[in-house]
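Enquirer: Here is my input, please return the structure:
(2 chains)
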Amino acid sequence: MKSFEFFEPTTLAEASRMFTQEHAQLLAGGTDLIIGMKAYTETPQAVISLQKIPGLAGIATDADNGITIGAMTKAREVELSEDIQQHHTALAEGAAEIGSIQIRNLATIGGNIAHASPAADTVAGLLVADAQVDIASAGGERTVPIEALFTGPGQTVLAPGEIITAFRLPRATAGSHYIKHKIREVMDLAFIGVAAAVDMDDATITDARIGLAAVAPTPIRAIEAENLLKGNSLSDVLLAEAGEAAAAACSPISDLRCSAEHRRQMVDVLTRRTVQEAVARA
Amino acid sequence: MSEKKEYKVIGTRPIRHDGVDKVTGRALYGADFQIAGLLHGRVLRSPHAHARIVSIDTSRAEAYPGVKGIVTAQDLPDPADKVADLGEGAVNLKYLCDNILARDKVLYKGHAVAAVAATSPHIAEEACTLIDVAYEVLPPVLEVRQAMEPDAPLLHENLKTTSLGETADEPSNVASHLQYKKGAPEKGFAEADVVIEREFVTGTVHQGYIEPHNATALYNPDGHLTIWCSTQGAFTVREQVAEILQYPISKIKVVPMEIGGGFGGKISVYIKPVAALLAMKTGKPVKVLMNRTDVFEGTGPTPASYIRVKMGATKAGKVTAAEAYLAFEAGAYPGSPVGPGAMCIFAPYNIENVLIDGYDVVVNKPKTAPYRAPGATNAAFGSETILDELAERLEIDPLEIRLMNGAKEGDRRADGPIYPRIGYIETVEAAKQHPHYAAPNGKKHHGRGVASGFWFNIGLESSVTINVNVDGTINLVEGSTDIGGTRASIAMQAAEVLGIPAESVNPSVVDTNSVGYTAVTGGSRTTYATGYAAYEAAQDVKRQMIARAAKLWEVDEANVQFADGEFSCINGKEEQISFRDLCARLGETGGPVVGSGTVNPGGAGGAFATHVVDVEVDEETGKVEILRYTATQDAGKAIHPSYVEGQIQGGVVQGIGWALNEEYIYDAEGTMTNASFLDYRMPTCLDLPMIDTVIVEVPNPGHPYGVRGVGEVPIIPPPAAIANAIYDAVGIRMTELPMSPERLLKAIGTI
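Expert: Okay, the predicted model is just below:
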């Protein structure tokens, strides 16, 4: 690990000002950053901890079942939140897929998203929850929809000094599900991740959202597939069409974990399986 | 050995002597070791898989504040100078030394080229980036068949193939060719009604021990060198360090710390001589630790292999002939386990006509090291799959065909030995009678497979000393690294002799100055051979104690009997004294009693295993789930059944990982792209069902209690058993390891 300076600001404004300097990195849970520093893939000169800033952690539910999740909320807390389990099952399932319990007790949802890995386990669940991302800096605050946050692997629209403070999930979804394609039950990365959320009117799907992770440079929504589902009731034919449309929406890479071809095929298979389960839960 | 013996201690399940230390985190491992003035060492490794070292400039690193010393191959004795003393041995010495610190060429990515000792690990790491090494990059050879091509780039300009005793004229990557032949294979195949031949490919896999290698060395001005380290054998570390540094054994003391797994991978030395060199150079104690990437890239995995197997059988199911071609990757230097693979491949069967050819081939990967039954798992993947196919074609139950051809006492293995009493048939019978084999298996995409395995086990030298305490307990001193509960299994054998509880034995694993020579914990030998030495040491104690009782009672020794922990007088006097009470009277009868036992037994007795596995194949994702697993194994006599079961389960789990997911993934330049536990995927306990075990006991005539080694054979059957189960589930014969989801989907034809 390269030597670095360590800061523990107590206000967002202070943290934001420090974060404008070059070669600075934010430390939330540290489960990505510290590993990167040990491997020399991250060599920050300044590490700015967010841990002493009050008000960044916690889950709050409003009267309309809208949920706000502070960026410093631990993955384990997201996983175990009854409100999230009930209204955004895919997100709770995604949080439960991160590493191990020990890691989830350290890792934060803000860090999982700000790291901007296309394979982040909470991202597909946030996508299908229509999450809004609250961002603060010394200069002010703004909000961007989760799908507009990412610009590439490890890249976001966050400007120097900007810090994610919370994720707002505006309304409950009737049924949702996340499947992570992986080799191991635990301690694994998503080869691909697929989340689906649906709202139903009897047997008719009134709204559908499909989020895909690790199949494109950024996490994406499978809009074509969603449109196919909306206004229809579930059938094998419809599922097959939605699966194909989702597969067509992605632009995966081949890497050591698997080939692009395999990823695309798995998007098809897992879209069918997640949608089916989401509908069953709605 | 037919009568059933009654034992008091053997066969029970006492709590292991090192258990509390380990579960409370108090056991001291090599990385925990601290000493005043400690420096930290770090090894600089090659970024290239194959390159000539043009120059190494350490001046910038030497000038870095906190750096205390740097070593390169120039600090090792030059094996070229030793040709006169060692003759052929100089070549081996050169290979040994070059693997520690590369001299002229780097032969794999991760090959050590220099090492730094500094006041902190971070400074040492930083200083490594300041060492300027100029390389002339050469094309790498990364696969065994490619390496055997006549125009393949050569790793060693002077390596010439030794084939059946003859050395070739031209250099080659093929280090050696061995052959075992029995009967007339051509005639055997002519007699067969069905002949099946297939090719198999297996990937490079690592032992995956949790604890990375570590070593702390201290060099005293009087020339004494001490090394604290994690190793499977303190004495082999002493030998290797002495050899590599050309330093007297008498001046090296190796202190084995607790070990966090080895599985064969902690026999060869890597950083131990480097720590010693740094200690000699700086005059300070130096600790060198590997990280996980170092372990994957810089230590020996077990080889990838290319295998062809051909077997023929009559309609009645008699296997008439078998042939195998085994080409194993040795890694950067000769020495793959192709020999053991060739010894084990058809060993469970009595086949009249056999031909086995084995090739040891160098490639630009780390020099391979043993891994649990080295070579045998690769080989059995081929033979046990073919046998399954033969059974299917002949419409014979796969266990039945194994019973029909199974090896028994008096049968001769293709490589020569004639079997003493062995328990192969009994393992097949046990599998056949197990409820698992009778359970329904008809669901779609569910499949059942079976496979067997053989490992020969080894004996070798062991020493044990027993010091008798006045309170009736004994301190048992041994030199065998305890990896799988051998403190307990050794102590129990001494306890049985002396009629005392296992808890009355305090076993200690000590340094090389404090016990007689003891070979490595490897070859499934420890409970067998060091247990044998403990038995002999306890017999020595018993003899001496009988003499003390005789002295006490003023009778002839022949009149003292010892049974069930009690000494009694059998002629004349009505005397009786317990072992414990006699211990309190040693002072008055002549002083302390110290017993010793040393062995080099020849009758290790082979171990056989037969496994049954049920899988479910997800035809859409290619994932294979292990639904049920039953392993039967001949343990000879299970001293501590829990640890036998643990060894079986551990072997099975490693075999499953090898079968389904584990492999080194290389890019075209020879860089391993998955050198971490994240992308080198070993299964976790959540990925597997409980592994059922059945211990079969056919006593080994070569051990006083009938012990056979148990640690290695359970890793052998899983890949073949799972491949056979996959076939049963989806009708596809998998011939490449690992049988990963994508590979399986391709074979099924969905990709």
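Enquirer: what's the neighbour count on residue 92?
Expert: If you meant another chain, say so; for now it's chain A. Using other CB atoms under 10 Å in any protein chain shown, A:A92 has 22 neighbouring residues. Glycine gets a C-beta too; all of them are placed from N, C-alpha and C.
Enquirer: ah, I was thinking of chain B
Expert: If you count neighbours by other CB under 10 Å, B:N92 ends up with 15.
Enquirer: cool, and B:P79?
Expert: Count around B:P79 with other CB under 10 Å applied: 21.
Enquirer: Could I get the full set of strands for the stretch 1-150 of chain B?
Expert: Here the stretch 1-150 of chain B has its strands, by DSSP state E, counting those that start in this stretch, at B:39-45, B:51-57, B:67-72, B:105-106, B:112-118, B:132-137.
Enquirer: Format those strands as CSV; extra columns: distance to B:M257, mean pLDDT and mean neighbour count.
Expert: Converted to CSV, those look like this (distance: least, CB to CB, whole Å; pLDDT from 0 to 100; neighbours: other CB atoms under 10 Å in any protein chain shown):
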stretch, distance to B:M257, mean pLDDT, mean neighbour count
strand B:39-45, 17, 98, 25
strand B:51-57, 32, 98, 15
strand B:67-72, 23, 98, 23
strand B:105-106, 30, 98, 24
strand B:112-118, 20, 98, 27
strand B:132-137, 32, 98, 14
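Enquirer: out of those, nearest to B:A31?
Expert: strand B:39-45 (11.3 Å; CB to CB).
Enquirer: And the contacts of that closest one?
Expert: The contact list for strand B:39-45, computed with CB atoms under 8 Å, 6 or more residues apart in numbering or on different chains, reads B:68-69, B:109-121, B:123-125, B:127-128, B:131, B:133, B:271, B:274-275, B:278, B:282, B:284-290, B:294, B:297-298.
Enquirer: Produce a ChimeraX select command limited to the buried residues of the residues you listed.
Expert: Applied in ChimeraX, the following selects the buried portion of those according to 16 or more other CB atoms under 10 Å in any protein chain shown:
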select /B:68,69,109,110,111,112,113,114,115,116,117,118,119,121,123,124,125,127,128,131,133,271,274,275,278,282,284,285,286,287,288,289,290,294,297,298
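Enquirer: Now tell me which helix or strand of the chain has the poorest mean pLDDT.
Expert: If you meant another chain, say so; for now it's chain A. Within chain A, no helix or strand scores below helix A:33-38, which has a mean of 94 by mean pLDDT, DSSP states H and E.
Enquirer: um, chain B though
Expert: Going by mean pLDDT, DSSP H and E, chain B bottoms out at helix B:83-86, a mean of 64.
Enquirer: Just after the longest helix seen in chain B, pick out the following helix or strand.
Expert: Longest helix in chain B by number of residues, with DSSP state H as the criterion: helix B:531-553. Next helix or strand after helix B:531-553 toward the C-terminus (DSSP states H and E): strand B:560-563.
Enquirer: Quick check: mean pLDDT of that next one?
Expert: Here strand B:560-563 scores 95 as its mean pLDDT.
Enquirer: who touches that strand?
Expert: With CB under 8 Å, 6+ apart, strand B:560-563 has contacts from B:G499, B:K542, B:M545, B:I546, B:A549, B:A550, B:W553, B:F567, B:S568, B:C569, B:I570.
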